[in-house]
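Colleague: Have a look at this prediction, sequence included:
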Amino acid sequence: MTENEVSSFLKRYPKVTTIELLISDMNGVLRGKRIERNLLEKVVTQGFYLPGSVMSLDATGTTVESAGLGADVGDRDRKCCLIPGTLAIVPWIEDGSRGQALCTMVGDSDEPFFADPRQILCSAVERFNELNYQVGFAAELEFYLVDIARDAKGGLRPPVSATTGRRIGSCQVYSIDDLSEYDAFIQDVLQAAREQNIPADTVIAEYAPGQFEVNLHHSDNIVRSVDHAILLKRVIRQIARQHGMEATFMAKPYIEESGNGLHMHLSLMQDGKNILAADNPIDNPIMRNMVAGLLSMADSTQAFMAPNINSYRRLAPGAFAPTAKNWGYDNRTVALRIPSGSKAATRIEHRMAGADANPYLVVTALIAGVAEGIRQRMEPPEAVTGNAYEQTHPHVADNLRDALRNMENDARTADWFGESFVKLYKICKWHDLHLFEQQVTQMEYDLLLGYA
């Protein structure tokens, strides 16, 4: 970030008194600190510091000491730098007194820090560019709005509409009425996104009560697009709070309803043209290479697509969440869907990641799969027609334990993500898995306490 960008921002927003400096951890959670206005120019030229251990936190936000970034190295600080183009106003602070900027962590000599997910994506993109292609990219984020007050049993429930005073209780996919009931929230989300230069423009009602999807514009600046996805999740959560609700990107907040996905749309550009465009895209050689590469790395990157215990509750047959390594044209029962539409917009919709995944890591996995497929000229299995859930296809892992083992056993994962990061991620996620497995649930008490 340049001093000119900072001075222009401060001049445009004279009421800003504090700036939030945000950085994504391994889990996609934004962390950081606030500084006073008069320190911003110093931070731009000199950076600021956070403990490197923020990149090795468990699901509770506690340092995983066995990962080696905490007490073993004195919980030492690492330099963080502001990312150009991310300095923006925080629109939900009504007096205009707060700004924010997205940041990234660097090493001792300002080289990329191995544990920063954004730096991992930047490295993958730089490496992919050697193929003389550019990835066109757009993201779709699914989320639920839930009532702050839980139901009588302590469970989640849809919020009460401020417009009608009723609580949505049925699935009305693509319902305009449901959008109208939450119109004030949706409009505030889109307005806040505009004020932060986040290109979000479409919101639809999804497959469950209180579930919505928001879409980001297609772009060939893939790192910037993922920055937008990270920041948009923050916008949605904050605006929901303003409206007396909560927004959650949990992969499966309701066991009986659809899960939240993070769908990625990929095209491949060369000299400004989409080289996937074809009358029959399934027969396009580059398309086939890309699909084959993505499927070939599906096992070893599943731990990035589904990073939590709850992630695997989403992967249920018939729930429009992919459970197998397959693909097809205009088919929402497969993992990789080639959407119908104009020839110029031909693309792959990658449907495997949950909304709880870290977008930086998910997109790194996609770039790696695409590159491997193109380099090795891989060929995919036959495209699926009909309901894939009623057919037999090779399955991806349905639990975090197997997914982590698959990640460790594929050398390509360490090649693209870095051996040190894969080791770090593995340690932290095994820690999370053990954390969850050490809990005794209410159902165990109900079923076993008086009988076992």
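Modeller: Structure's in. What do you need? Note that this is a predicted model, so its numbers are computed, not measured.
Colleague: Check the offset of the helix or strand hosting Ser8 from the chain's centre.
Modeller: If you go by DSSP states H and E, Ser8 is part of helix 3-12. On the basis of C-alpha atoms, centre = their mean, to the nearest Å, helix 3-12 sits 30 Å off its chain's mean C-alpha point.
Colleague: helices or strands up against that helix?
Modeller: Based on contacts counted as 3 or more C-beta pairs under 8 Å, 6 or more residues apart in numbering; DSSP states H and E, the elements that helix 3-12 packs against are helix 40-46. (Each C-beta comes from the backbone N, C-alpha and C, glycine too.)
Colleague: Look up how far Met287 lies from the closest residue to Ile338 other than its chain neighbours.
Modeller: Of all residues not flanking Ile338 in the chain, Tyr329 sits nearest, at 4.7 Å (C-beta to C-beta, 6 or more residues apart in numbering). Per C-beta to C-beta, to the nearest Å, Tyr329 is found 10 Å from Met287.
Colleague: Of those two, which one has the most company?
Modeller: In this view Tyr329 and Met287 are compared by other C-beta atoms under 10 Å, and Met287 has more residues nearby, 25 against 15.
Colleague: hang on, isn't the more buried one packed against Ala277?
Modeller: No - applying C-beta atoms under 8 Å as the test, Met287 and Ala277 come out as separate, 9.6 Å apart.
Colleague: Find residues that contact each of the two.
Modeller: Residues within reach of Met287 and of Ala277 at once, by C-beta atoms under 8 Å, 6 or more residues apart in numbering, are Thr346.
Colleague: Looks like Lys426 contacts Leu404 (just checking).
Modeller: Yes - with contacts counted by C-beta under 8 Å, Lys426 reaches Leu404, the gap being 5.7 Å.
Colleague: Compare these two (neighbour count), which wins?
Modeller: Per other C-beta under 10 Å, whichever of Lys426 and Leu404 has more neighbours is Leu404, with 21 against 17.
Colleague: do you know how far the more buried one is from Ile309?
Modeller: On the measure of C-beta to C-beta, Leu404 and Ile309 end up 12 Å apart.
Colleague: Now do the same for stretch 313-325: mean pLDDT, whole number.
Modeller: Stretch 313-325 carries an average pLDDT of 86.
Colleague: which of the residues in that stretch are buried?
Modeller: By 16 or more other C-beta atoms under 10 Å, the buried positions in stretch 313-325 come out as 313-316, 319, 321-325.
Colleague: Give me the subset of these lying in helices.
Modeller: Here DSSP state H is the test, and the buried residues of stretch 313-325 give no hits in helices at all.
Colleague: now, which of those residues sits nearest Thr248?
Modeller: Of all the buried residues of stretch 313-325, Thr248 sits closest to Arg314, with 12.7 Å by C-beta to C-beta.
Colleague: correct me, but that closest one touches Pro253?
Modeller: No - under the criterion of C-beta under 8 Å, Arg314 is not in contact with Pro253, lying 9.7 Å apart.
Colleague: any residues in contact with both of the two?
Modeller: Common neighbours of Arg314 and Pro253 (C-beta under 8 Å, 6+ apart) are Asn260.
Colleague: could you pull out the strands for the stretch 301-450 of the chain?
Modeller: Taking DSSP state E, counting those that start in this stretch as the criterion, the stretch 301-450 of the chain contains strands spanning 327-329, 336-338, 348-350.
Colleague: which one of these lies closest to Glu246?
Modeller: Glu246 lies closest to strand 348-350 among those, at 27.6 Å (C-beta to C-beta).
Colleague: Give the rounded mean pLDDT of that closest one.
Modeller: Rounded mean pLDDT across strand 348-350 is 97.
Colleague: Could you list the residues in contact with it?
Modeller: Counting by C-beta under 8 Å, 6+ apart, 263-267, 276, 287, 290-291, 294, 335-339, 366 sit against strand 348-350.
Colleague: just stretch 399-416 next, same as before
Modeller: Stretch 399-416 has contacts (C-beta under 8 Å, 6+ apart) with 124, 127, 297, 299-304, 306-309, 311-312, 364-365, 367-368, 372, 396-397, 422, 425-426, 429-430, 432-433.
Colleague: picking that back up, mind checking the strands of the stretch 301-450 of the chain for the one nearest to Gln46?
Modeller: Gln46 lies closest to strand 348-350 among these, at 39.3 Å (C-beta to C-beta).
Colleague: so how far is that closest one off the chain centroid?
Modeller: Computed by C-alpha atoms, centre = their mean, the separation of strand 348-350 from the middle of its chain amounts to 15 Å.
Colleague: where in the stretch 101-250 of the chain is pLDDT low?
Modeller: Within the stretch 101-250 of the chain, the ranges that satisfy pLDDT under 70 run 169-179, 207.
Colleague: mind redoing it with 80?
Modeller: Applying pLDDT under 80 to the stretch 101-250 of the chain flags residues 162-164, 168-180, 205-208.
Colleague: quick one, strands of it?
Modeller: Going by DSSP E, counting those that start in this stretch, the stretch 101-250 of the chain shows strands at 134-147, 200-205, 211-216, 245-248.
Colleague: Any chance of a markdown table for those strands, columns distance to Ile230 and mean neighbour count?
Modeller: Listed next are the strands of the stretch 101-250 of the chain as a markdown table, based on distance: least, C-beta to C-beta, whole Å; neighbours: other C-beta atoms under 10 Å:
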| stretch | distance to Ile230 | mean neighbour count |
| --- | --- | --- |
| strand 134-147 | 10 | 22 |
| strand 200-205 | 13 | 18 |
| strand 211-216 | 11 | 22 |
| strand 245-248 | 15 | 20 |
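Colleague: got the strands of the stretch 301-450 of the chain as a markdown table, with distance to Val146 columns?
Modeller: Formatted as a markdown table, the strands of the stretch 301-450 of the chain follow (distance: least, C-beta to C-beta, whole Å):
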| stretch | distance to Val146 |
| --- | --- |
| strand 327-329 | 33 |
| strand 336-338 | 28 |
| strand 348-350 | 27 |
